[in-house]
Every structure is written in structure tokens, then in C-alpha cells.
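Participant: whatever this is, show me its structure:
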Amino acid sequence: MTVRVRAFAKLNLSLRVVGRREDGYHEIVSDVQTIDLADRIEIELRGADLRVENDLPLSGPDLAERAAAVLLEHKDAELGVSIRICKGIPVGAGLGGGSSDAAAVLTTLDRLTPPRLPFETLCSIGAGIGSDVSLFLHGGRVRMGGRGERVSRRLGTAVWFALVVPPVHCDTASIYARWDARGGDASTDEPALGENDLLEPALETHPELIPYHEAVASVGGVYQGMSGSGSTFYATFDDARAAERARIELDERLPDAAVFVCRPTTLGHNGGERP
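Facilitator: You can find the predicted model right below:
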């Protein structure tokens, strides 16, 4: 039997860097929303080993493969698993595609290999795989804390997002290093929607992002922002027609960028269950 799921992307609606931890990670406070831009994943129990195919070359380890391996080891399950990932979420754009894939694999493979683990156990496993995995296990509108592993629910609203993904990959570690180099001026103030402490470090590290940032800022919307450490910029709208008008304008002005209109989701992937 093959199980097919869609693993959703995320947008950081705000991001405050609170400080740097002794383990080298940064403490953050961030409001995050999962959106319907998605990777497609097929998971099948077959064969005698773990095989993961991804249709895009990755510069780092495949988090979905790590998630499957850790879950099977935790359950002491000697099973063959085949995983096929068709990428729809741009890589290196601050949209969390790798972490979303890992969360979808954790939840789906847990369901395929009973008995089911407690949700808290899945979150603990996910936090060991990547900082953003826990938010995708929850899905919807959440508040992230710590290095991203502390997640609590927030109320979401029915909005539309116009997204611009420039042809620029932002390395998260490099952007945080730039934040540190700028003096790491941490704050505990509540971030406003659209506010992101990593915006200036990202623009300084990749000045070629400035025209995309300025274009998104010019189309209006309730607020605009950058997701994660970049490179995705977005504007938020109260109705679909305004979001579509912004998409058309941005698509004409930025022909080398990928432009989308997206909606919020209440889950991290469409094959999962909320706790």
C-alpha cells in the first residue's frame, strides 16, 4: 500500500531573535503559519531497507530520511520503507520544506507501524531532527520559542498571502552569523506582524534581494514580511482578489522569481491528525 501526503510550507509572520544559547543555537520568538504550498510525498512499506528519492539535489542531509530512520529505530521496527518526495516548496527560501517533509514522514510512518506513539514523543523525536519539525507536527498558526522546538497554538485568520521567491538561496547559518556580526542586538519586545530581525542581515548578506523586498513592500497589503532567514518575501491580504492582483503585478515586475498566492492551513500536512 502506498500512502500519499502533501507536506505544507510555512511563513514566519514575525521573528524576534532573543539571544544566542550556549549550544550555539539562537533563541527566537516567532509567530508562524503553515500554508498550502506543498511537497508531495509517497510512503510505502516494502523491501528490506530504507530508500528515499528526492527530485531535487540537496546540499545537506535529507531530513525525511533521518526522520524515518529515527522513528523505525525508536519502535525497533525492522521494516523496509520506500519514500518518494516531489518538491513543490522552493529550497533555501525560508519556507521549511525539509522540516515539513520530516514531520509528514514521522506522522505517516508512525500510523503505518502501530502501536501509535504519543504526540509528545513524536514532538521530542522531531525536535532532535530539526528546529522547525515540531511546528509542522502541530500545523496551523503557532508561536515558536527556544530554537523552535517550543510550540503553542495561536488563533489564525482567513487571509491570503502573495509570495515572491527570488532565485537566491539563503543559508540560515550565514544569516545568523551576520546577525551576530552586527552586534546581536537581542530584544524581548513583542514582534509586530511582518517584523523579522533577520531581514537586515539577509539584505546585507545578499544585496541582490533588495529589489524583491522593495517590490513586495510596494504592492500594499495588511502587512509584509520575510519568512525565516530568507529568501521568500510575502504580503498579506484580506481578500483573494487583492492577493491575485498583487501576484499578477509581482509576476510582471519580477520575471525571474517564483510568485504564488497561498492560503493558511490548519495542519502541517494533509495526511495527519491534529493532537
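
Participant: how about low-confidence regions in the stretch 51-200 of the chain?
Facilitator: 57-61, 184-186 (pLDDT under 70).

Participant: try it again with 50
Facilitator: Counting by pLDDT under 50, not a single residue of the stretch 51-200 of the chain qualifies.

Participant: now do the strands in it.
Facilitator: 81-86, 141-145, 150-153, 160-165 (DSSP state E, counting those that start in this stretch).

Participant: among those, which is nearest Gln33?
Facilitator: strand 141-145 (5.0 Å; Cβ to Cβ). For every residue, glycine as well, the C-beta is placed using N, CA and C.

Participant: I'd say Ser187 and Arg16 touch.
Facilitator: Yes. At 6.4 Å, Ser187 counts as touching Arg16 under the criterion of Cβ atoms under 8 Å.

Participant: when the two are compared, which one has more neighbours?
Facilitator: Arg16 (21 against 12; other Cβ atoms under 10 Å).

Participant: on that earlier part again, list residues touching both of Ser187 and Arg16?
Facilitator: Listed as contacting both Ser187 and Arg16 by Cβ atoms under 8 Å, 6 or more residues apart in numbering are Asp197.

Participant: among the strands of the stretch 51-200 of the chain, which is nearest His269?
Facilitator: The nearest among the strands of the stretch 51-200 of the chain, by Cβ to Cβ, is strand 81-86 at 12.1 Å.

Participant: which parts of that closest one are buried?
Facilitator: 81-85 (16 or more other Cβ atoms under 10 Å).

Participant: same question for stretch 138-152.
Facilitator: Buried, per 16+ other Cβ under 10 Å, within stretch 138-152: 138-151.

Participant: out of those, who's nearest Asp23?
Facilitator: Asp23 lies nearest to Arg147 out of the buried residues of stretch 138-152, by Cβ to Cβ, at 8.2 Å.

Participant: tally of neighbours for the spatially closest residue to that closest one that is not a sequence neighbour?
Facilitator: Among residues not flanking Arg147 along the chain, Tyr25 sits closest, at 4.0 Å (Cβ to Cβ, 6 or more residues apart in numbering). Other residues near Tyr25 come to 14 when the count uses other Cβ under 10 Å.

Participant: any idea how far Tyr25 is from Leu63?
Facilitator: 16 Å (Cβ to Cβ, to the nearest Å).

Participant: likewise Leu79?
Facilitator: Taken as Cβ to Cβ, the span from Leu79 to Leu63 is 20 Å.

Participant: and for Arg153?
Facilitator: Distance from Arg153 to Leu63, by Cβ to Cβ: 23 Å.
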